[in-house]
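Colleague: 3D model of this:
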Amino acid sequence: MVIISRRLSFVIFFVAGFTFIGIGIVSIVDSYIPRFVEITEKIDPNQTEIFTPDMNAGNIANIYINGSGSRVSVMDPNNNLILNETDINGIFNETIKSEINGKYRIQVVNDGSNILNLNLGANSKASPIAFSGQMMLIITGIVILGLGIRTRMQSD
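Modeller: Here you go, the predicted model:
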């Protein structure tokens with residue numbers, strides 16, 4: 001069995017606590033920076049796929065469709081229609097540039113009788129669900145710091 005002094009355990013708790021808090025804060029900051037995300041999907045006949053990238057103004061989304069007959073619509077965060085293409089047969093390739101910050105809604109509908117191949121690339125930020133994980137890191141760091149302070153108080 002290894003015996004650790006209270007002073008050393010105090011230092012270990014403090015380093016671990018600040019590490020958890022630091023990682024949580026850096027992760028929160030990083031979540032608000034859009035990253036380019038690529039999605040490849042096969043859409044069956046009479047099926048619809050909806051994608052909602054959270055983009056900043058000036059970010060782009062690339063939509064590439066190949067295969068069956070399809071429809072594509074893109075709405076901005078204010079529910080204004082940006083793109084509405086119907087009766088697409090064959091290859092469709094479009095790049096959309098976001099004008100405002102927020103969640104864009106890209107809807108692709110396979111109206112044909114064959115499988116539709118979709119490649120979508122868009123800049124997107126982390127979802128709000130990620131924030132709960134980051135807060136758990138920070139709270140864990142605070143708890144570990146509390147344990148370190150308790151250890152320090154017991155050693156006096």
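
Colleague: Which residue is the nearest non-sequential neighbour of the residue nearest the centre of the chain?
Modeller: In the chain, the residue lying closest to the centroid (Cα atoms, centre = their mean) is Ala126, at 2.6 Å. Leaving aside its chain neighbours, Ala126 sits nearest to Ser31 (3.8 Å; criterion: Cβ to Cβ, 6 or more residues apart in numbering). In this view, the C-beta of every residue, glycine as well, is placed from N, C-alpha and C.

Colleague: just checking, the one you found touches Met135?
Modeller: No. Ser31 lies out of contact with Met135 (Cβ atoms under 8 Å); the separation is 11.5 Å.

Colleague: what about those two, which has more around it?
Modeller: Set Ser31 next to Met135 and count neighbours by other Cβ atoms under 10 Å: Ser31 wins out with 17 against 13.

Colleague: who's in contact with that one?
Modeller: By Cβ atoms under 8 Å, 6 or more residues apart in numbering, Ser31 lies in contact with 125-126, 130-131, 134.

Colleague: buried set for whichever strand or helix holds Asn93?
Modeller: According to DSSP states H and E, Asn93 maps onto strand 81-97. By neighbour count on 16 or more other Cβ atoms under 10 Å, the buried set for strand 81-97 is 82, 88, 92, 96.

Colleague: need the contact list for the first one.
Modeller: For Ile82, the contacting residues are 74-76, 96, 104, taking Cβ under 8 Å, 6+ apart as the criterion.

Colleague: Widest-spaced pair of the residues you listed?
Modeller: Using Cβ to Cβ, the pair of the contacts of Ile82 lying farthest apart is Met75 and Ile96, separated by 10.7 Å.

Colleague: which residues do the two both contact?
Modeller: Taking Cβ under 8 Å, 6+ apart as the criterion, Met75 and Ile96 both touch 82, 104.

Colleague: starting at the chain centroid, how far to stretch 89-96?
Modeller: Distance of stretch 89-96 from its chain centroid, counting by Cα atoms, centre = their mean, to the nearest Å, is 25 Å.

Colleague: cool, and stretch 122-134?
Modeller: With Cα atoms, centre = their mean, you get 4 Å for stretch 122-134.
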